[in-house]
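*Asks:* sharing a model that was predicted from the sequence below.
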Amino acid sequence: MEDSKNLSIFQGLSNYIDKKEILTSIIAQLEKDTGLDYTQVEIDAENPHFLQILRKDLANYLKKIAGQNHTRFMYMIYRVDITQNKMNTLEMDEFYFYNLSELVLNRMFQKTITKRFIK
């Protein structure tokens with residue numbers, strides 16, 4: 001997996017003027033659903049590397065949780081709302097957690113945008 005590959009979430013963000021606000025909401029939802037702490041992270045909505053770093057950090061976190069407590073890992077996946085069908089489409093290779101982190105980030109994007117339309 002190349003680090004220069006753009007996340008589909010970043011491509012989706014280009015349609016919105018308030019990218020920083022959306023990213024802030026995505027990170028808040030990510031913190032709520034996974035327990036990660038990004039309070040000290042400065043959000044740079046114009047930098048595609050920001051999401052790549054976020055994705056890499058999330059992949060490492062998911063890998064750590066899966067290795068420590070599989071029940072907690074599956075609860076987190078359930079809370080994020082990643083379906084079993086989507087999980088089954090991921091190959092069990094060295095990029096598994098990297099690809100899973102993209103699914104999680106895309107789901108956070110979907111939740112954020114859905115909440116904005118409901119308001």
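*Replies:* Nice, thanks for sending it over.
*Asks:* can we go C-alpha only for contacts and neighbour counts from here?
*Replies:* Noted.
*Asks:* pull out the buried positions in the longest helix seen in the chain.
*Replies:* Criterion DSSP state H: the longest helix present in the chain is helix 96-118. Buried residues in helix 96-118, counted by 16 or more other CA atoms under 10 Å: 97-109, 111-112.
*Asks:* need the contact partners of that helix.
*Replies:* 7-9, 22, 25-26, 29-30, 55-56, 58-60, 62-63, 80-82, 87, 90 (CA atoms under 8 Å, 6 or more residues apart in numbering).
*Asks:* element containing residue 77, please.
*Replies:* helix 70-80 (DSSP states H and E).
*Asks:* now the very next helix or strand once past that helix: buried residues?
*Replies:* Per DSSP H and E, the first helix or strand lying C-terminal to helix 70-80 is helix 84-89. By 16+ other CA under 10 Å, helix 84-89 has no buried positions at all.
*Asks:* now helix 84-89: average pLDDT?
*Replies:* Averaging pLDDT along helix 84-89 yields 90.
*Asks:* what helices and strands are in contact with it?
*Replies:* When contacts are defined as 3 or more CA pairs under 8 Å, 6 or more residues apart in numbering; DSSP states H and E, helix 84-89 sits against none of the other helices and strands.
*Asks:* off-centre distance for that helix?
*Replies:* 16 Å (CA atoms, centre = their mean, to the nearest Å).
*Asks:* got the contact list for that helix?
*Replies:* Contacts for helix 84-89 (CA under 8 Å, 6+ apart): residue 100.
*Asks:* now the residue minimising distance to the centre of the chain: how far from residue 90?
*Replies:* Closest residue to the average C-alpha location of the chain: residue 105 at 2.1 Å, with CA atoms, centre = their mean. Distance, residue 105 to residue 90, using CA to CA, to the nearest Å: 15 Å.
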